[in-house]
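Colleague: Return atomic coordinates for the entry below.
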Amino acid sequence: MIRVSDILLGSMGKYLVSHKISFKQRKVIHKIINCFTEYSRNVVFVCNNKKCGNIEHMKQPCRDRHCNRCNNSKKLKWVRKIIKDFPPLPYYHIVFTLPSELHNLAICNPKIILNIFFKSSFYVLNKFAKDVKFFGGKIGFFGLLHTWGQRLNYHPHIHFMVLAGGIKDGVYKKLPYQKKFIFPVKALSKVMMGKFIELLKENYFAGKLQFPGKLEDIASNQKFNNFLYLLSNKQWVVYSKKPFAGSGRVLEYISRYTHKVAISNHRIKSYNNEKVSFEYLDYKAKNSHGVPIKKIMLLSDMEFIRRYLLHILPNGFRKIRYGGIFASNQKANNITLIKETLKNELEKLIENTTKFIDEIDKQIKMVCKKCSGELIAQNIFAFSGFT
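Modeller: The predicted structure follows:
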């Protein structure tokens with residue numbers, strides 16, 4: 001199997017001759033290239049069964065969130081936490097997409113623009129939930145940021161899982177349209193656009209935005225206002241799906257989207273130090289069953305690396321965030337209230353999720369090859385790797 005790390009190791013030196021990369025990007029690349037190699041940290045595991053005492057040596061994963069080799073364990077642990085902490089009820093799936101006109105500005109100001117993106121999305125969901133026409137209370141949700149499209153292009157969008165109910169008048173109530181979309185998407189789009197532009201203007205007049213290269217064309221007050229006018233006439237894409245029936249489908253869906261990376265190794269078909277080919281789904285071309293057709297994209301190794309680097313997030317940036325009644329300062333009390341309100345209804349659902357957690361625990365657990373006991377990490381020895 002050809003891995004992303006193979007492409008980075010084989011062509012990164014050539015890329016650096018004519019391109020500058022940030023310290024953060026260099027650090028991530030270093031981790032990915034050395035993940036599970038002889039340069040990785042060596043970990044000693046000891047079986048917790050005293051009668052066995054088996055000792056095994058393994059390479060430690062890099063645990064970087066951009067790595068596509070060692071993300072599965074992190075994903076499973078996060079899904080386990082979500083299943084354990086959150087009520088196993090129906091959830092809506094909503095996707096907010098950043099307009100293409102903002103892509104270059106986001107690439108040059110990732111932390112500011114992506115934070116505005118999250119804040120605007122949170123504002124919209126909370127505003128519509130408070131409106132008595134739609135609910136008149138508070139809802140709970142969490143959002144997962146992805147910055148890529150199928151072709152490794154820059155395509156920031158946030159996947160939201162929104163509880164199909166909320167707190168109203170001090171008790172938990174279901175949202176009124178359980179078999180339909182949560183809120184009107186055209187109205188969501190307009191409010192989202194207005195809030196985003198408002199926050200963008202605040203950052204512009206505070207002098208926080210950078211306008212390198214071609215972005216200098218919109219740096220002046222008049223041209224920036226023209227740019228905002230263009231954005232206000234743009235159709236902001238909001239996708240909404242009706243709630244999933246049953247907690248099992250929700251959990252499966254959540255696990256599919258969390259901790260995803262820009263491209264997985266199995267999609268890469270060839271690499272010869274000059275060209276990279278990989279598989280992608282073309283959502284504009286579908287077969288007779290409405291399923292997107294798989295196609296092959298061929299890129300130069302330099303273009304592949306350029307696109308890949310676009311998806312390395314700023315240092316300390318939180319790509320998973322919780323809002324509404326799931327915000328950290330409110331979550332515990334609100335979830336307790338929901339569980340008390342729906343005690344009888346949740347009993348069977350919690351039983352199903354307990355089985356799901358047991359399955360996850362089996363996958364996370366390091367199993368001893370001799371006695372099937374659990375292997376516990378004891379010592380870690382570090383080695384230096386590719387620089």
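Colleague: From here on, just use CA atoms for contacts and neighbour counts.
Modeller: Noted.
Colleague: so what strands line up beside whichever strand or helix holds V162?
Modeller: Assigned by DSSP states H and E, V162 belongs to strand 154-168. Using DSSP bridges, the strands paired with strand 154-168 are strand 91-97 (antiparallel), strand 138-148 (antiparallel), strand 171-174 (antiparallel).
Colleague: Can you dump the C-alpha atoms of that strand in CSV for me?
Modeller: Below are the C-alpha coordinates for strand 154-168, written out as CSV (Å, rounded to 0.1, in the frame of the first residue of the first chain):
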residue,chain,number,x,y,z
TYR,A,154,-9.7,23.4,-0.1
HIS,A,155,-13.4,23.1,0.9
PRO,A,156,-14.1,24.1,4.5
HIS,A,157,-17.4,22.9,5.9
ILE,A,158,-18.8,22.0,9.3
HIS,A,159,-20.8,18.9,10.0
PHE,A,160,-23.3,19.5,12.9
MET,A,161,-25.1,16.8,14.8
VAL,A,162,-28.1,18.5,16.4
LEU,A,163,-30.3,16.9,19.1
ALA,A,164,-33.9,16.6,17.8
GLY,A,165,-35.1,18.2,21.1
GLY,A,166,-34.1,20.7,23.7
ILE,A,167,-34.8,22.4,27.0
LYS,A,168,-38.0,24.5,27.0
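Colleague: can you give me how far it is from the chain middle?
Modeller: Computed by CA atoms, centre = their mean, to the nearest Å, the chain-centroid distance of strand 154-168 equals 12 Å.
Colleague: Compute the number of surrounding residues for the residue lying closest to N265 once chain neighbours are set aside.
Modeller: Using CA to CA, 6 or more residues apart in numbering and skipping the chain neighbours, the partner closest in space to N265 is R3 (5.0 Å). Number of residues near R3 (other CA atoms under 10 Å) recorded here: 20.
Colleague: Got phi/psi on R3?
Modeller: Backbone torsions of R3, given as degrees, to the nearest 10, read phi -110, psi 160.
Colleague: Tabulate the strands paired with strand 154-168 (TSV), appending mean pLDDT.
Modeller: Listed next are those as TSV, based on pLDDT from 0 to 100:
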stretch	mean pLDDT
strand 91-97	92
strand 138-148	94
strand 171-174	90
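Colleague: Same list, those, but as JSON lines with mean neighbour count please.
Modeller: Formatted as JSON lines, the strands paired with strand 154-168 follow (neighbours: other CA atoms under 10 Å):
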{"stretch": "strand 91-97", "mean neighbour count": "22"}
{"stretch": "strand 138-148", "mean neighbour count": "22"}
{"stretch": "strand 171-174", "mean neighbour count": "17"}
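Colleague: Adding distance to K214, write those out as TSV.
Modeller: Formatted as TSV, these follow (distance: least, CA to CA, whole Å):
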stretch	distance to K214
strand 91-97	23
strand 138-148	21
strand 171-174	49
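Colleague: nearest to P184, of those?
Modeller: Nearest to P184 among the strands paired with strand 154-168 is strand 91-97 (11.4 Å), distances taken as CA to CA.
Colleague: any idea which residue of the protein is furthest from its center?
Modeller: Here the chain reaches farthest from its C-alpha mean at K51, the gap being 42.9 Å by CA atoms, centre = their mean.
Colleague: Where do the helices of the stretch 51-200 of the chain begin and end?
Modeller: 71-85, 103-108, 110-130, 185-205 (DSSP state H, counting those that start in this stretch).
Colleague: Pick the most buried one from these.
Modeller: Ranked by average neighbour count under the criterion mean count of other CA atoms under 10 Å, the helices of the stretch 51-200 of the chain are headed by helix 110-130 at a mean of 20.
Colleague: tell me which strands and helices it is in contact with?
Modeller: Counting contacts by 3 or more CA pairs under 8 Å, 6 or more residues apart in numbering; DSSP states H and E, helix 110-130 packs against helix 103-108, strand 138-148, helix 185-205, strand 320-324.
Colleague: show me what contacts the residue nearest to N265?
Modeller: By CA atoms under 8 Å, 6 or more residues apart in numbering, R3 lies in contact with 265-266, 268.
Colleague: Just the ones of these in strands?
Modeller: Counting by DSSP state E, the part of these found in strands is I268.
Colleague: surely I263 meets L152?
Modeller: Yes - between I263 and L152 there is a contact at 7.1 Å, judged by CA atoms under 8 Å.
Colleague: what number of residues lie near the nearest residue to V367 once chain neighbours are set aside?
Modeller: Spatial nearest neighbour of V367, chain neighbours left out: E374 (4.9 Å); criterion: CA to CA, 6+ apart. By the criterion of other CA under 10 Å, E374 has 16 neighbours.
Colleague: what's the least confident helix or strand in this protein, going by average pLDDT?
Modeller: One helix or strand of the chain scores below all others by mean pLDDT, DSSP states H and E: helix 247-257, with a mean of 63.
Colleague: what is G324 paired to in the beta sheet?
Modeller: Bridge pairing for G324 (DSSP bridges) gives the partners G140.
Colleague: List the contacts of it.
Modeller: Going by CA under 8 Å, 6+ apart, G324 touches 122, 126, 138-141.
Colleague: Find the pair from those with maximum spatial separation.
Modeller: Within the contacts of G324, two members stand farthest from each other by CA to CA: F122 and K138, at 11.9 Å.
Colleague: List the buried residues for stretch 3-22?
Modeller: By neighbour count on 16 or more other CA atoms under 10 Å, the buried set for stretch 3-22 is 3-5, 7-12, 15.
Colleague: Before I go, just wanted to say thanks for your time.
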